[in-house]
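*Asks:* following is a predicted model, sequence given first.
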Amino acid sequence: MTARRSLRTMAGMRRLLLLFAVLLPTLAQAEPPPLLSQTGLWAPNSQQLAPGVRPFTPQAVLWSDGADKQRWIRLPPGARVDARKPDAWQFPIGTRLWKEFRQGGVAVETRFIERSARGWVYASYRWRADGRDAERVPPQGQTVAVAAAPGGRYDFPSRSDCLACHADARSPVLGFSALQLGPQLPAFMQAGLIAHAPARWRTQPPGVPGATAVERAARGYLHANCAHCHHSGGVPRPLRLALDVERPAPPVPNLEDVLRRMGTRNPYVQMPPLGTRHIDAEGLALLQAWIAAMALDGSSPTR
Amino acid sequence: MTRLVPRPALATALLLTLAGPALAQAPAASAKAPKVSTAQVLRGAYLMKTSACMDCHTPLKMGPKGPEPDMSRLYSGHPQGTQLSPAPALSGSWMTVASDTMTAWVGPWGTSFTANLTPDPETGLGRWTEKDFIQTIRTGRKLGRGREILPPMPIPVYSQMSDADLKAIFAYLRTIPAVRNKVPEPIPPAAAASQP
């Protein structure tokens, strides 16, 4: 009825046209571009970072079968991340993040997520052999032979793989948080990219809790590798491995079970359940060192 | 439609109506139960009966007339601690084999064991939310984001059920007795198992 009435007047027509003009680009951006070079990571006709694209490195990293990774973020001009919820930052519409995976020094994959007006959009790009650009992988994912990758094969995630880790996390952006930025946080605050963050973070950014360096490293590892599912609002398992900013660390979990699942690549038992085909020997050794340290000081590592 | 919050006594009474006195031995878990209607629970029971859920999720036992569902283990999945003899080798035209309980299945995916669907918080769906259940059936991945649900669970069939039907099934599953039964983890095929 409203549309019919609108069509009767020129002013109404203009309003309808304006509505279409606003809606169309929104609908169009639901699908990520076919090439990495079209995502805004680089300045035109180059592989130099585009203006406003900033690198960052999480304090604790997710194990990705030994891949070397680099990450970048770009916020729309003038927009800021809302840090009111310290463990679940809100990102403005138009936020883009990239993560590049290298095997044997060669870029194999770049993942891209963007907050569109309709929600988060996820894509994986497979690098061409000539290294000039990367092509979007089909939504069902891909497994290809990559000589430099462990076992000679490389898995590009499907869209549902992306959602498996990102969709039900406290924030879909897993590596750009107060806890994960740590010492880099003051610089991002200084640049005016973070809104509603406590002023004290400019001089005292939050860190991983723990009495010793080993405990901090182990808790950081569990946070980076497990927290996206094992947070208090996550999977219905009584195992909480997520850390909360400036809060005491959760009780020490049953690490025997954690080690058992970390230490197998039986696909039906392994943890994390996806994104890895090879055991992280260093990660295992770190958790074992934490258990040994707790046994020494009598602080009871497991239930 | 009458709206109500299921209480143990009410749920037990409902259970008696639905499945007979054999089931009324444990109080239904009512923790975190959302508001559901009687009609919803009855619809869920009907769907479970007519969608062959019983065939795999309630173990068979030997009765006087042959194998029959063990109603004391209603929808509690593959019984914990069952000693299974080695599965026969499958070759040629033969792809799948099931145990005498119909709860352990062997095929190209390895060995899978049917899940405990009862509201037991430690070993069943007691901690699941309605959303977790719907997402699992809809996507074929645990909780909609974890590992894939293995064959022979007919996910391609059940994933096409409406939200209303899946909600009804979950509402019914909350009313059945909680059975503490830790179903074993699946076993990968021999080739995958030999990898570290």
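*Replies:* Sure, I can see it.

*Asks:* pretty sure A:Leu97 contacts A:Leu75?
*Replies:* No: using C-beta atoms under 8 Å, A:Leu97 is not in contact with A:Leu75; the gap is 9.9 Å. C-beta coordinates here come from the backbone N, C-alpha and C atoms, glycine included.

*Asks:* could you pull out the helices in chain B for me?
*Replies:* B:8-19, B:38-50, B:53-57, B:130-139, B:155-158, B:163-173, B:190-193 (DSSP state H).

*Asks:* dump these into CSV; add mean neighbour count as well.
*Replies:* Formatted as CSV, the helices of chain B follow (neighbours: other C-beta atoms under 10 Å in any protein chain shown):
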stretch, mean neighbour count
helix B:8-19, 16
helix B:38-50, 18
helix B:53-57, 19
helix B:130-139, 19
helix B:155-158, 14
helix B:163-173, 21
helix B:190-193, 11
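
*Asks:* dump the ones you listed into a markdown table; add distance to A:Arg71 and mean pLDDT as well.
*Replies:* Shown next, in a markdown table, are those (distance: least, C-beta to C-beta, whole Å; pLDDT from 0 to 100):
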| stretch | distance to A:Arg71 | mean pLDDT |
| --- | --- | --- |
| helix B:8-19 | 50 | 43 |
| helix B:38-50 | 46 | 98 |
| helix B:53-57 | 44 | 98 |
| helix B:130-139 | 28 | 95 |
| helix B:155-158 | 35 | 97 |
| helix B:163-173 | 37 | 98 |
| helix B:190-193 | 32 | 60 |
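
*Asks:* quick check, pLDDT for whichever residue of chain A sits closest to chain B.
*Replies:* Closest residue of chain A to chain B, C-beta to the nearest C-beta: A:Pro236 (3.4 Å). pLDDT, A:Pro236: 81.

*Asks:* and it, what does it touch?
*Replies:* B:Arg127, B:Trp128, B:Thr129, B:Asp132, B:Leu143 (C-beta atoms under 8 Å, 6 or more residues apart in numbering or on different chains).

*Asks:* by neighbour count, which of those residues wins?
*Replies:* Most neighbours among the contacts of A:Pro236, by other C-beta atoms under 10 Å in any protein chain shown: B:Trp128, with 23 neighbours.

*Asks:* how close does that one get to chain A?
*Replies:* From B:Trp128 across to chain A, the span is 5 Å (C-beta to the nearest C-beta, to the nearest Å).

*Asks:* what sits against that residue?
*Replies:* A:Pro236, B:Leu143, B:Phe170 are the contacts of B:Trp128 under C-beta under 8 Å, 6+ apart.

*Asks:* ok, the residues you listed vs A:Val53, which is closest?
*Replies:* When the contacts of B:Trp128 are ranked by distance to A:Val53 (C-beta to C-beta), B:Leu143 comes first, at 34.3 Å.

*Asks:* so what's that closest one scoring on pLDDT?
*Replies:* 89.

*Asks:* these two touch, right, it and B:Gln135?
*Replies:* Yes: counting by C-beta under 8 Å, B:Leu143 does reach B:Gln135; the two are 6.0 Å apart.

*Asks:* how much space separates the nearest residue to B:Asp132 once chain neighbours are set aside from B:Thr123?
*Replies:* Spatial nearest neighbour of B:Asp132, excluding adjacent residues (C-beta to C-beta, 6 or more residues apart in numbering or on different chains): B:Leu143 at 4.8 Å. Distance from B:Leu143 to B:Thr123, counting by C-beta to C-beta, to the nearest Å: 16 Å.

*Asks:* A:Pro32 against A:Gly40, yeah?
*Replies:* No: the criterion here is C-beta under 8 Å, and A:Pro32 misses it with A:Gly40 at 10.9 Å.

*Asks:* higher neighbour count, these two?
*Replies:* Legend: neighbour count by other C-beta under 10 Å for A:Pro32 and A:Gly40, higher for A:Pro32 (20 against 17).

*Asks:* in contact with the closest residue to the more buried one other than its chain neighbours, which residues?
*Replies:* Spatially, and ignoring its direct neighbours in sequence, A:Pro32 is nearest to A:Ala123 (3.8 Å; C-beta to C-beta, 6+ apart). Listed by C-beta under 8 Å, 6+ apart, the contact set of A:Ala123 reads A:Pro32, A:Thr39, A:Arg111, A:Phe112, A:Ile113, A:Arg136, A:Val137.

*Asks:* redo that, cut-off 6 Å
*Replies:* Contacts for A:Ala123 (C-beta atoms under 6 Å, 6 or more residues apart in numbering or on different chains) come out as A:Pro32, A:Phe112, A:Arg136.

*Asks:* which ones among these lie within strands?
*Replies:* Of the positions in the contacts of A:Ala123, A:Phe112, A:Arg136 sit in strands, assigned by DSSP state E.

*Asks:* and A:Ala60, that one's in a helix?
*Replies:* No: counting by DSSP: H, G, I helix; E, B strand; the rest coil, one finds A:Ala60 to be coil, located in no helix.

*Asks:* so it versus A:Lys69, what's the distance?
*Replies:* A:Ala60 is 13 Å from A:Lys69, by C-beta to C-beta.

*Asks:* those two: which is more packed in?
*Replies:* A direct count of neighbours by other C-beta under 10 Å for A:Ala60 and A:Lys69 places A:Ala60 higher, at 21 against 16.

*Asks:* pretty sure the more buried one contacts A:Ala224?
*Replies:* Yes: counting by C-beta atoms under 6 Å, A:Ala60 touches A:Ala224, with 3.8 Å between them.

*Asks:* and the pLDDT at B:Thr2?
*Replies:* So, for B:Thr2, pLDDT stands at 40.

*Asks:* then the one 3 residues further on?
*Replies:* Looking at B:Val5, its pLDDT stands at 42.

*Asks:* for A:Arg74, same thing?
*Replies:* Note on A:Arg74: pLDDT of 98.

*Asks:* where are the low-confidence patches of the stretch 101-250 of chain A?
*Replies:* Applying pLDDT under 70 to the stretch 101-250 of chain A flags no residue at all.

*Asks:* now the helices for it?
*Replies:* With DSSP state H, counting those that start in this stretch as the definition, the stretch 101-250 of chain A shows helices at residue ranges A:159-166, A:178-181, A:185-190, A:213-226.

*Asks:* can you lay out the ones you listed as TSV showing distance to chain B and mean neighbour count?
*Replies:* Formatted as TSV, these follow (distance: least, C-beta to the nearest C-beta, whole Å; neighbours: other C-beta atoms under 10 Å in any protein chain shown):
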stretch	distance to chain B	mean neighbour count
helix A:159-166	4	19
helix A:178-181	21	24
helix A:185-190	29	18
helix A:213-226	13	21
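
*Asks:* roughly how far does the residue nearest to A:Phe91 when sequence neighbours are not counted sit from A:Ala211?
*Replies:* Sequence neighbours aside, A:Arg115 is the residue nearest to A:Phe91 in space, at 5.2 Å (criterion: C-beta to C-beta, 6+ apart). A:Arg115 sits at a distance of 38 Å from A:Ala211 (criterion: C-beta to C-beta).

*Asks:* neighbour count: these two, which is higher?
*Replies:* Neighbours were counted for A:Arg115 and for A:Ala211 using other C-beta under 10 Å; A:Arg115 has more, 20 against 11.

*Asks:* ok, what's across the strand from the more buried one?
*Replies:* A:Arg115 has the following beta-bridge partners by DSSP bridges: A:Trp120.

*Asks:* was I right to think it contacts A:Thr95?
*Replies:* Yes: counting by C-beta under 6 Å, A:Arg115 touches A:Thr95, with 4.5 Å between them.

*Asks:* need the contact list for A:Gly40.
*Replies:* A:Gly40 makes contacts with A:Ala50, as judged by C-beta under 6 Å, 6+ apart.
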